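heads up, no residue letters with this:
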């Protein structure tokens, strides 16, 4: 069987081909076709329903999942918690330091403006307090 | 979109040309049952002819043929057009037949893929020159049908697709998902088996 193509073209093989070809054709009844039509219509209806379900349910499911996630995130947001004892002490000291600074500012005022000050290194009548001679006289 | 049952008689057994078939497939993809009905008209008898010789009885063959078309309708959106509709339909049919055969777990005395024997001459009268005799000899047809039924599905499918459906080797290879060489060797073995059956019939006094 060196060349399969030659074998297939031999007379005996060709005769079998003719025999098979000559076998009678088959046909199906109208009842069969009618039954097939019904099955196809049922299948088409199911597919339509499935498509509608997917078209309607996928966006709905997406929105539902998004809402659920949003609720979950909101529920998990941390609420204000009490500060522990040590930190509370520190806070107290910080507050009291701030209050003291506030009180001292109230007492001393905001301070004098530049126009309200004078050069203290000079005497009341232009005396130079730094003058060596005058210093020695004191 | 109602199925046009009455249209069956218009184009039964006449496959469309490739362009109109492609247009028909496009319509079928949109779940147009009328277009699918035309496709059924074109292929129902051919598919049935194949299936009837692949399953034990005609009633089961009719059921399988219906299943072929229902599956085709359900999956037509996945049909990419790389092969012809005929190849696709016969592939579905072949797989359904094989599934049925496996479920039934039959074939105790089927002919396997064994070589008929090297050097063994099978002398069968050449009937190409007696077409009338072939056509009218229903007894011979029964013998041939019996011979085909006694083959394994592997041999039978190749023989039917090539010799009955006039499919090319490459198309059969696509349909059955086999190498072309395997298709040829199976065809040879199938015909050789049929030759043996016919010779036995002739020798035992037809």
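Thanks, I have it. This structure is a prediction, so every number in the text was calculated from the model and none was measured. Numbering: from 1, shown residues only, chains lettered A, B, ... in the order given.

if you skip the residues just before and after it, what's nearest to residue B:100?
Nearest non-adjacent residue to residue B:100, counting by C-beta to C-beta, 6 or more residues apart in numbering or on different chains: residue B:55, 5.8 Å away. C-beta here means a position set from N, CA and C on the backbone, and glycine is covered the same way.

contacting residues around that neighbour?
B:61, B:64, B:97, B:100, B:101 (C-beta atoms under 8 Å, 6 or more residues apart in numbering or on different chains).

where does chain A have low pLDDT?
A:1-2, A:79-87, A:109-138 (pLDDT under 70).

quick check: longest helix of the chain.
I went with chain A, as the question did not name one. helix A:30-75 (DSSP state H).

my question was about chain B
Under DSSP H, chain B gives helix B:180-203 as its longest helix.

Report all helices and strands that that helix contacts.
Packing partners of helix B:180-203 (3 or more C-beta pairs under 8 Å, 6 or more residues apart in numbering or on different chains; DSSP states H and E): helix A:4-8, helix A:11-21, helix B:138-149, helix B:153-159, helix B:169-176.

quick one: which of the contacts of residue B:55 sit in helices?
B:61, B:64, B:97, B:100, B:101.

out of those residues, who's nearest chain A?
Using C-beta to the nearest C-beta, residue B:61 is the member of the ones in helices among the contacts of residue B:55 that lies nearest chain A, at 8.3 Å.

number of nearby residues for residue B:171?
Using other C-beta atoms under 10 Å in any protein chain shown, residue B:171 is surrounded by 19 other residues.

wait, isn't it in contact with residue B:84?
Yes: in this structure, residue B:171 is within contact of residue B:84 by C-beta atoms under 8 Å, at 7.3 Å.

So what does residue B:79 look like in phi/psi?
phi -70, psi 110 (degrees, to the nearest 10).

With chain A as the reference, measure out to residue B:90.
14 Å (C-beta to the nearest C-beta, to the nearest Å).

Let me know whether that residue touches residue B:50 as I believe.
Yes: counting by C-beta under 8 Å, residue B:50 is a contact partner of residue B:90 at 6.4 Å.

and for these two, which residues touch both?
By C-beta under 8 Å, 6+ apart, the residues touching both residue B:90 and residue B:50 are B:161, B:165.

could you give the angle of the longest helix of chain B to helix B:169-176?
100 degrees (axes from the mean of the first three to the mean of the last three C-alpha atoms, to 10 degrees).

For helix B:180-203, buried residues please.
B:182-198, B:201 (16 or more other C-beta atoms under 10 Å in any protein chain shown).

got it, and stretch B:88-99?
Buried-residue list, stretch B:88-99, by 16+ other C-beta under 10 Å: B:88, B:89, B:90, B:91, B:92, B:93, B:94, B:96, B:97.

show me the contacts for the first one.
Under the criterion of C-beta under 8 Å, 6+ apart, the neighbours of residue B:88 are B:72, B:79.

Could you do the third one as well?
Applying C-beta under 8 Å, 6+ apart, one finds that residue B:90 lies in contact with B:47, B:50, B:161, B:165, B:167, B:175.

Am I right that it sits in a strand?
No: secondary structure of residue B:90 (DSSP: H, G, I helix; E, B strand; the rest coil): helix, not part of a strand.

And it, how far from residue B:164?
According to C-beta to C-beta, to the nearest Å, residue B:90 stands 11 Å off from residue B:164.

Overlap in contacts, those two.
Common neighbours of residue B:90 and residue B:164 (C-beta under 8 Å, 6+ apart) are residue B:50.

per-residue confidence at residue B:112?
Looking at residue B:112, its pLDDT is 50.

sorry, that was for residue B:35
On pLDDT, residue B:35 comes in at 89.

which residues touch the residue positioned nearest the centre of chain B?
Geometric centre of chain B, nearest residue: residue B:50, 2.9 Å, by C-alpha atoms, centre = their mean. By C-beta under 8 Å, 6+ apart, the contact set of residue B:50 is B:90, B:93, B:94, B:157, B:160, B:161, B:164, B:165.

redo that, cut-off 6 Å
Residue B:50 makes contact with B:93, B:160, according to C-beta atoms under 6 Å, 6 or more residues apart in numbering or on different chains.

Look up which helix or strand it falls in, please.
Using DSSP states H and E, residue B:50 maps to helix B:33-52.

Flag every buried residue along that helix.
B:33, B:35-52.
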